[in-house]
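S.K.: Have a look; sequence and predicted model below, questions after that.
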Amino acid sequence: MTHNISKMRVLFICLGNICRSPAAHAIFQKMIDDAGLSDHFLVDSAGIGNWHVGELPDKRMRDHGYRRGYRIDHHARQFKISDFDNFDKIIVMDDDNYRIITGKADNEDQRRKVVKMVDYLEQYAGEESVPDPYYGGADDFEWALDLIEDGCRGLLKLSR
């Protein structure tokens, strides 16, 4: 059986792959599943650092996401150079993520794949980053989720 569907391969990146990027992974996956578009996308997430490889996301992010109907359960992994070849879009959460990931690119084609989550914001257009809630409180996790949901909605609209 042949499949002629070309999947858009999307990788979400944050610092440790335990808060923002696994949330974006879960949120975008649920949005495409709910829209009946699962066959059109491959979604993953990774972190810049290796501190949390193999771990579940931060419990606070899992709990906040669960209350919104998301199952944030991706096991953390570290970004690999081969991800430039394996993904069409590499979506980072802040300027530091952008600088570090584009700094690993070997060429302009790879650099062009790296975009910021805030580029897809609609409701919160003008925000400069999805701030890391790790050292914050409940409001910081909720704000990160608000921004990620908005960005994922914008990404899905542009990807159709």
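M.R.: Right, received. Where do you want to start?
S.K.: Output stretch 135-152 as CSV, restricted to C-alpha atoms.
M.R.: Provided in CSV are the C-alpha atoms of stretch 135-152 (Å, rounded to 0.1, in the frame of the first residue of the first chain):
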residue,chain,number,x,y,z
TYR,A,135,11.4,28.8,38.3
GLY,A,136,7.9,30.4,38.5
GLY,A,137,4.6,29.6,40.0
ALA,A,138,1.2,28.5,38.8
ASP,A,139,0.5,31.7,36.9
ASP,A,140,3.7,31.2,34.9
PHE,A,141,2.7,27.8,33.8
GLU,A,142,-0.8,29.0,32.8
TRP,A,143,0.8,31.9,30.8
ALA,A,144,3.1,29.6,29.0
LEU,A,145,0.2,27.3,28.1
ASP,A,146,-1.9,30.3,26.9
LEU,A,147,0.9,31.4,24.6
ILE,A,148,1.6,27.8,23.4
GLU,A,149,-2.1,27.2,22.6
ASP,A,150,-2.2,30.4,20.7
GLY,A,151,0.9,29.6,18.8
CYS,A,152,-0.2,26.1,18.0
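S.K.: pretty sure residue 52 is in contact with residue 76, am I right?
M.R.: Yes - between residue 52 and residue 76 there is a contact at 4.2 Å, judged by CB atoms under 8 Å. C-betas here are computed from N, CA, C, even on glycine.
S.K.: So between the two, which is more surrounded?
M.R.: residue 76 (23 against 20; other CB atoms under 10 Å).
S.K.: need the contact list for that one.
M.R.: 16, 17, 18, 22, 46, 47, 52, 53, 54, 55, 56, 57 (CB atoms under 8 Å, 6 or more residues apart in numbering).
S.K.: Could you list the buried residues of the longest helix along the chain?
M.R.: The residue-count maximum for a helix in the chain (DSSP state H) belongs to helix 138-159. By neighbour count on 16 or more other CB atoms under 10 Å, the buried set for helix 138-159 is 140-141, 143-145, 147-156, 159.
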